[in-house]
Structure formats: structure tokens, C-alpha cells
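Student: using only what follows, build the 3D model:
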Amino acid sequence: MGMLHNLADLIKIKKDKMTILVLGLNNSGKSSIINHFKKSSEQTSIVVPTVGFMVEQFYSMSGVSIKAIDMSGATRYRNLWEHQFKNCHGIIYVIDSSDRMRFVVVKDELDLVLKHPDLCNRIVPILFYGNKSDMEDSLSSVKIAAVNVT
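Tutor: Numbers count the residues shown, from 1 in each chain. The predicted structure follows:
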């Protein structure tokens with residue numbers, strides 16, 4: 001919940017409601033991250049892959065209502081991402097830091113997101129979340145950034 005509170009402060013949103021998109025390739029851990037946003041009594045012990053998208057509602061410590069849209073990262077569903085761009089206030093882009101084989105795909109999809117007309121002409125904060133950093137073969141956030149710059 002602290003991450004959502006920090007994100008709301010970062011955006012400096014003066015609204016009662018905000019919409020956050022949670023994007024990333026399939027199996028990057030988007031649904032697991034959203035599961036941690038939930039109250040402990042609402043968390044599930046088994047997280048299943050998202051088909052299409054899933055919407056969750058949370059409240060930050062400052063009382064802002066946050067609608068998190070967990071978008072499926074499977075190839076056939078990535079075209080659905082753009083339908084949510086126009087109304088989002090922020091994006092959490094989840095990267096599996098242990099999936100070196102797909103860093104090129106991560107970069108390509110991020111480029112498409114950043115170049116989309118509904119995003120490129122406005123200021124939308126993006127949090128890059130390097131997930132699975134506890135895995136033995138994971139890369140640090142600095143190395144992931146270096147890989148994705150070239």
C-alpha cells in the first residue's frame with residue numbers, strides 16, 4: 001500500500017480518484033503485485049494469470065481512490081492496453097528482472113506505449129518496477145536500464 005501512497009504523492013493528484021494501469025509482459029508478476037495492494041484479509045494465496053484485464057479498487061493513505069487496471073501481458077491481449085491510455089493518470093510498468101530472454105520485447109512494448117498518441121502529448125508518470133529481483137539470475141535495475149537503452 002505504501003507504493004500506491006507514494007505514487008499518488010508523486011503525481012501530486014488533487015483528485016478523489018485516479019486510474020493506474022499495470023502493464024508488462026505475461027508472467028512478469030503484475031497480478032501478484034496488485035494482490036499485495038489488497039488488505040491482508042482480501043489477498044489470495046494463489047494468483048492466476050490475467051485474461052484480458054482485471055480491475056481492482058484501493059484507497060491510499062491520503063484517501064485517494066485508486067483504480068488499478070491489471071492488463072494481461074500475453075501477446076494476443078497487448079492491443080487492449082491502448083484502450084485504457086486516454087483515461088489513466090499513471091502507469092506501473094512491471095519488468096521481470098530474471099527474464100533476460102525477453103528484455104528486447106519489454107523494450108519494444110514500452111516504445112509502443114510511449115509513442116501512443118493518447119500518452120505522448122501529456123505528462124503521465126511511469127513507475128518501472130523491476131520484479132523478481134530475489135531470483136538468483138536477476139539483473140539489477142541499473143543493468144536492466146542499460147540493456148534497454150541499447
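Student: this structure: strands as residue ranges?
Tutor: 17-24, 53-59, 65-71, 90-96, 126-131 (DSSP state E).
Student: the fourth one - which strands sit beside it in the sheet, and in what orientation?
Tutor: Strand 90-96 has the following strand partners under DSSP bridges: strand 17-24 (parallel), strand 126-131 (parallel).
Student: quick one: it to strand 65-71, angle?
Tutor: Comparing the axes of strand 90-96 and strand 65-71 via axes from the mean of the first three to the mean of the last three Cα atoms, to 10 degrees yields an angle of 40 degrees.
Student: contacts for strand 90-96?
Tutor: Residues outside strand 90-96 that contact it (Cβ atoms under 8 Å, 6 or more residues apart in numbering) are 7, 11, 18-25, 27-30, 33, 68, 102-103, 106, 110, 113, 124-132, 144. Placement of C-beta: from N, CA and C, glycine included.
Student: now, of the residues you listed, which are buried?
Tutor: 7, 11, 18-25, 28-30, 33, 68, 102-103, 106, 110, 113, 124, 128-132, 144 (16 or more other Cβ atoms under 10 Å).
Student: ok, which of the strands of the chain comes nearest S40?
Tutor: The closest of the strands of the chain to S40 is strand 53-59. By Cβ to Cβ, the value is 13.1 Å.
Student: tell me the strands beside that closest one, with direction?
Tutor: So strand 53-59, judged by DSSP bridges, has these partners: strand 65-71 (antiparallel).
Student: output the lowest mean pLDDT helix or strand found in the chain.
Tutor: Every helix and strand of the chain was ranked by mean pLDDT, DSSP states H and E. The lowest is helix 2-11, at a mean of 56.
Student: what about E109, neighbour count?
Tutor: Neighbourhood size, E109 [other Cβ atoms under 10 Å]: 19.
Student: got it, and Y77?
Tutor: That count, for Y77 with other Cβ under 10 Å as the rule, works out to 15.
Student: contacts only, for the residue lying closest to it once chain neighbours are set aside.
Tutor: For Y77, ignoring the flanking residues on the chain, the nearest one in space by Cβ to Cβ, 6 or more residues apart in numbering is G52 at 5.9 Å. By Cβ under 8 Å, 6+ apart, the contact set of G52 is 72, 77, 80.
Student: next, give phi and psi for G52.
Tutor: phi 80, psi -100 (degrees, to the nearest 10).
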